[in-house]
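Trainee: any chance you can model this:
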Amino acid sequence: MLRLGAYGRRRGRQRSSKRLGEPALITVSPLLLLLGYLTFMPGAQAAGHFAKVYASSNKASHTEWGRRYGNGEGVAADVDSAIRLYCNAANQGHADAQYYLGWLYSRGRGVKRDDALAAAWFKKAAGQNHAQARNLLHLLRVKPKAQATCPTSGARQGLGNVAY
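Mentor: Numbers count the residues shown, from 1 in each chain. You can find the predicted model right below:
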């Protein structure tokens with residue numbers, strides 16, 4: 001097994017022709033650069049794509065794109081768009097979307113932190129045998145709210161919730 005030390009030097013018995021202190025060059029495949037370029041969508045193109053994804057009835061696609069918007073993977077990070085996509089999929093019964101909403105509420109990411117509401121979303125996902133949701137529900141140790149709700153745009157600023 002090859003192990004690299006400081007400045008990319010090989011450690012162990014292998015000998016290198018590089019002098020000490022000389023940083024190693026990191027090469028990136030041109031194919032990886034091309035794939036990275038193709039997956040990034042600038043502003044207007046991403047906004048058009050969001051409307052297209054949101055209008056579709058594919059709940060798995062909503063969850064996947066919600067994750068991408070939430071983490072800024074291939075598009076500009078936009079937690080509000082991620083929440084809208086998660087809510088759409090969660091209300092159709094998608095366990096991963098329910099888990100992600102619970103995670104957002106438990107961390108207060110893009111919404112006001114609410115452990116009872118997070119527990120409600122985790123409970124819905126755990127009811128569909130989502131292992132991570134079941135574990136986090138156990139760790140939260142709070143009584144879940146009676147109804148899992150999605151935030152309105154005002155709720156993302158802490159002003160209130162609406163039930164779907």
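
Trainee: against F50, how distant is the residue nearest to Q128 when sequence neighbours are not counted?
Mentor: Nearest non-adjacent residue to Q128, counting by Cβ to Cβ, 6 or more residues apart in numbering: A95, 4.0 Å away. For the C-beta atoms, the positions are set from N, CA and C on the backbone; glycine is no exception. In this view, A95 and F50 are 23 Å apart by Cβ to Cβ, to the nearest Å.

Trainee: the helix or strand hosting L139 packs against which elements?
Mentor: Secondary structure from DSSP states H and E places L139 in helix 131-140. Judged by 3 or more Cβ pairs under 8 Å, 6 or more residues apart in numbering; DSSP states H and E, helix 131-140 is in contact with helix 95-107, helix 115-126.

Trainee: how many neighbours does the residue nearest to Q128 have?
Mentor: 20 (other Cβ atoms under 10 Å).

Trainee: quick one, strands of the chain?
Mentor: Taking DSSP state E as the test, the strands found in the chain are 150-151, 161-162.

Trainee: what separates the residue lying closest to D78 once chain neighbours are set aside from K112, distance-wise?
Mentor: Nearest non-adjacent residue to D78, counting by Cβ to Cβ, 6+ apart: Y69, 4.9 Å away. To K112, Y69 is 19 Å away according to Cβ to Cβ.

Trainee: got it, and S56?
Mentor: Taking Cβ to Cβ as the measure, S56 falls 29 Å from K112.

Trainee: same deal with N91?
Mentor: The spacing between N91 and K112, counted by Cβ to Cβ, is 20 Å.

Trainee: residues in contact with the helix holding L139?
Mentor: 95, 98-99, 102-103, 106, 115, 118-119, 121-126, 144 (Cβ atoms under 8 Å, 6 or more residues apart in numbering).

Trainee: closest one of these to E73?
Mentor: Set against E73, the nearest of those by Cβ to Cβ is W103 (16.0 Å).

Trainee: show me where the chain has helices.
Mentor: 30-39, 43-55, 59-71, 79-90, 95-107, 115-126, 131-140 (DSSP state H).

Trainee: adding mean pLDDT, write those out as JSON lines.
Mentor: Shown next, in JSON lines, are those (pLDDT from 0 to 100):
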{"stretch": "helix 30-39", "mean pLDDT": "47"}
{"stretch": "helix 43-55", "mean pLDDT": "71"}
{"stretch": "helix 59-71", "mean pLDDT": "91"}
{"stretch": "helix 79-90", "mean pLDDT": "93"}
{"stretch": "helix 95-107", "mean pLDDT": "95"}
{"stretch": "helix 115-126", "mean pLDDT": "96"}
{"stretch": "helix 131-140", "mean pLDDT": "94"}
